[in-house]
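>>> Here is a sequence together with a model predicted from it:
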Protein chains: 2
Amino acid sequence: MLTTMDDILERLENTLAELLAETRPATLFKAMRHAVLGGGKRIRPQLCLASAAVVGGRAEDALYPACAIELLHSYTLVHDDLPAMDNDTTRRGKPSVWAAFGEATAILAGDALQALAFQTAARAPRNGEKILAALSEAAVGVVCGQSEELSAPSSQPSTHNPSTFQPFNLSTFPPDTDFIYRHKTADLFIAAAVMGAYAGGGTETDVARLREYALNLGLAFQYEDDLLDGDVGFPPEEAKRRIADHTAAALASLDGLPGDTAFLSALAHRLARRTA
Amino acid sequence: MLTTMDDILERLENTLAELLAETRPATLFKAMRHAVLGGGKRIRPQLCLASAAVVGGRAEDALYPACAIELLHSYTLVHDDLPAMDNDTTRRGKPSVWAAFGEATAILAGDALQALAFQTAARAPRNGEKILAALSEAAVGVVCGQSEELSAPSSQPSTHNPSTFQPFNLSTFPPDTDFIYRHKTADLFIAAAVMGAYAGGGTETDVARLREYALNLGLAFQYEDDLLDGDVGFPPEEAKRRIADHTAAALASLDGLPGDTAFLSALAHRLARRTA
């Protein structure tokens, strides 16, 4: 399975490069390639490809949906980095798109990446309507999560200082963390898994199991992200407990799937223990 | 036909309002409603609805695609107005979205409107995959047109002065006008007509005729736009000739369609003679 995943991930990289190979307008596509190629852990595509396999399909059936979810994810990063948003000048050790190409091109490159995500998902070999519905639900959801975060107190730069931490108390939670994490992060994981399951020809029961797996995987991923950033809105012990709980729930959701769940199981363990 | 179109356009307004009625995140959806509701001539939705009818379907079959094309069009305006783009503080006699809600919310509102366009088009009652393919092609194309315009000499503020006009000469044309107009403007007209034709159950021959109609309608519309703005890159007489030529080509493309072409014929005449 791992060899197969490596092979298919190489095809994914090649397919992403082909999708972005247009030469006109030159600057736009150069900015899009800068955003997508040569970086990124491809976690969402892995989830998408493995979901197609675990329902009994072939991972390559989900190649275009897997590219689509990475294009959608990349667009959110391009727009997140803009001066009016997070104002980040670097991303993955390179200049962010706006820092390298200017704000106007970064806005347009993000817009085009979202559009290209839909055009790419539409090339799935089966269940196209369900795949596009899943992608569009996530595409709306992710913006809702980002917008809620923008208006929430937790969007302020974190001044994390362990010595001032209060004992764990529900009232110290940022009020909308559940909404933000569900939409900002988990929605893309859910779309990845659901699109993969449909592309692989899974049943609605398979889709429901993978949706539950991906929701919990996404939430664990986001808590881990916050811990790594030192940006968690509540005590680290509580974040660690949540990561463990969501990882356990994700693993439990794999029961009953027809294919080999080893890769998805390992993915959940890997994300719970990541260091970057 | 005109009464029917008025009725269906009222349903369109109600449906757009329903699609944007979400209350969370409050600011995001308020900004999206500001961008879409209470303004706009709804030319692309009219084209979409009439295309469904002219192929023998019912206009209301294209209600969701018609909403989708207006949502997509609206997102392009929201992002166009941003300070890093055209830096427009007003739109349709109201503050532009960024002027009213700030840049971050305007970026996100545009992003969400594009996503919602795809989610809405996915609700078409038939031919969903073809409809979404047409929408995504236009969504990629429109950004390519805008990006090309951004880098073209013609994107400079026009300093139109009739006394300095050179006699008509091909070399005075902005080099990429064809590419820009085709993609920036005509692509959305084409998607509107093609989606409507598929939603109405049209044949591929009907779709091809309506694609040709919409391409010419869109080009005539853009030349008219430039004339009205005093922003045309070549002599007004040449723009007028092109408007007449494209309008004639649009009208000729209606031959052979199974339904009543009166509305689409009148639309072409109306757009060629508009004053705003």
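Yes, it's here.
>>> quick one, helices of the stretch 51-200 of chain A?
A:63-80, A:97-101, A:103-121, A:128-151, A:177-180, A:187-199 (DSSP state H, counting those that start in this stretch).
>>> isn't residue A:213 right next to residue A:265, touching?
No - using CB atoms under 8 Å, residue A:213 is not in contact with residue A:265, being 9.7 Å away. C-beta: built from backbone N, CA, C; applies to glycine.
>>> Among those two, which residue is more densely surrounded?
When residue A:213 and residue A:265 are compared for neighbours, residue A:213 comes out ahead with 28 against 15, by other CB atoms under 10 Å in any protein chain shown.
>>> residues in contact with the more buried one?
With contact set as CB atoms under 8 Å, 6 or more residues apart in numbering or on different chains, residue A:213 has these partners: A:193, A:250, A:253-254, A:264, A:268.
>>> Adding pLDDT, write those residues out as JSON lines.
Shown next, in JSON lines, are these (pLDDT from 0 to 100):
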{"residue": "A:193", "pLDDT": "98"}
{"residue": "A:250", "pLDDT": "98"}
{"residue": "A:253", "pLDDT": "98"}
{"residue": "A:254", "pLDDT": "98"}
{"residue": "A:264", "pLDDT": "98"}
{"residue": "A:268", "pLDDT": "97"}
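>>> Pick the one among these closest to residue B:186.
If you rank the contacts of residue A:213 by distance to residue B:186 using CB to CB, residue A:193 comes first, at 37.8 Å.
>>> Just give the closest residue to that closest one, not the sequence neighbours.
Using CB to CB, 6 or more residues apart in numbering or on different chains and skipping residues adjacent in sequence, the residue nearest residue A:193 is residue A:214, 3.7 Å away.
>>> what helix or strand is the one you found on?
helix A:204-229 (DSSP states H and E).
>>> neighbouring contacts of the next helix or strand along the chain from that helix?
Sequence order places helix A:236-253 as the next helix or strand after helix A:204-229, per DSSP H and E. Applying CB under 8 Å, 6+ apart, the contact partners of helix A:236-253 are A:168, A:209-210, A:212-214, A:216-217, A:219-220, A:223-224, A:226-227, A:232, A:265, A:268-269, A:271-272.
>>> Whichever of those end up buried, select them in PyMOL.
To isolate the buried members of those in PyMOL, using 16 or more other CB atoms under 10 Å in any protein chain shown:
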select buried, chain A and resi 209+210+212+213+214+216+217+219+220+223+224+226+227+232+268+271+272
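>>> from the contacts of residue A:213, which single one is nearest chain B?
residue A:193 (18.5 Å; CB to the nearest CB).
>>> re the thing from before, okay, among the contacts of residue A:213, which ones form the most distant pair?
Taking CB to CB, no two of these sit farther apart than A:193 and A:268, at 11.8 Å.
>>> So what does the closest residue to residue A:202 other than its chain neighbours have for phi and psi?
Of all residues not flanking residue A:202 in the chain, residue A:55 sits nearest, at 3.1 Å (CB to CB, 6+ apart). Dihedral pair for residue A:55: phi -90, psi 0, per degrees, to the nearest 10.
>>> Which pLDDT value does the model give residue A:173?
Residue A:173 carries a pLDDT value of 45.
>>> Repeat that for the one 10 residues further on.
pLDDT, residue A:183: 96.
>>> for the one 4 residues further on, same thing?
If you check residue A:187, the pLDDT there is 98.
>>> so where's chain A uncertain?
Low-confidence regions of chain A, defined by pLDDT under 70, span residues A:1-3, A:153-175, A:232.
>>> 50 - rerun?
With pLDDT under 50 as the threshold, chain A has low-confidence stretches at A:1-2, A:154-173.
>>> how many other residues sit next to the residue nearest to residue A:202?
For residue A:55, the neighbour count with other CB under 10 Å is 25.
>>> Same question for residue A:21.
Neighbours of residue A:21 using other CB under 10 Å come to 9.
>>> again, but for residue A:129
18.
>>> Repeat that for residue A:29.
Each residue near residue A:29 was counted by other CB under 10 Å, and the total is 20.
>>> wait, residue A:53 sits on residue A:259?
Yes - counting by CB under 8 Å, residue A:259 is a contact partner of residue A:53 at 5.7 Å.
>>> Give me the more crowded residue out of those two.
More crowded of residue A:53 and residue A:259, by other CB under 10 Å: residue A:53, with 24 against 20.
>>> Without its sequence neighbours, what residue ends up closest to the more buried one?
residue A:59 (4.6 Å).
>>> In contact with the one you found, which residues?
By CB under 8 Å, 6+ apart, the contact set of residue A:59 is A:4-5, A:8, A:49-50, A:52-53, A:200.
>>> Format the residues you listed as JSON lines; extra columns: distance to residue B:32.
JSON lines is the format used below for these (distance: CB to CB, whole Å):
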{"residue": "A:4", "distance to residue B:32": "43"}
{"residue": "A:5", "distance to residue B:32": "39"}
{"residue": "A:8", "distance to residue B:32": "38"}
{"residue": "A:49", "distance to residue B:32": "34"}
{"residue": "A:50", "distance to residue B:32": "35"}
{"residue": "A:52", "distance to residue B:32": "34"}
{"residue": "A:53", "distance to residue B:32": "38"}
{"residue": "A:200", "distance to residue B:32": "34"}
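>>> Can you tell me which of those are classed as buried?
A:5, A:8, A:49-50, A:52-53, A:200.
>>> Any residues of the stretch 101-250 of chain A in contact with chain B? List them.
A:102-105, A:107-108, A:110-112, A:114-116, A:118-119, A:122, A:128-129, A:132-133, A:135-137, A:139-140, A:142-144, A:146-148, A:150-151, A:179 (CB under 8 Å from any CB of the partner chain).
>>> count of residues packed around the residue lying closest to residue A:254 once chain neighbours are set aside?
Using CB to CB, 6+ apart and skipping the chain neighbours, the partner closest in space to residue A:254 is residue A:261 (4.3 Å). For residue A:261, the neighbour count with other CB under 10 Å is 22.
>>> got it, and residue A:270?
By other CB under 10 Å, 11 other residues sit near residue A:270.
>>> Look up how far residue B:243 lies from it.
61 Å (CB to CB, to the nearest Å).
>>> residues touching residue A:223, list them.
A:181, A:232, A:239, A:242-243, A:246.
>>> If we use 7 Å, what do you get?
Going by CB atoms under 7 Å, 6 or more residues apart in numbering or on different chains, residue A:223 touches A:239, A:242-243.
>>> Can you add neighbour count and give these back as a markdown table?
Below are the contacts of residue A:223 laid out as a markdown table (neighbours: other CB atoms under 10 Å in any protein chain shown):
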| residue | neighbour count |
| --- | --- |
| A:239 | 19 |
| A:242 | 20 |
| A:243 | 21 |
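>>> wait, which of these is closest to chain B?
Closest to chain B, out of all of the contacts of residue A:223 and judged by CB to the nearest CB, is residue A:242, at 22.7 Å.
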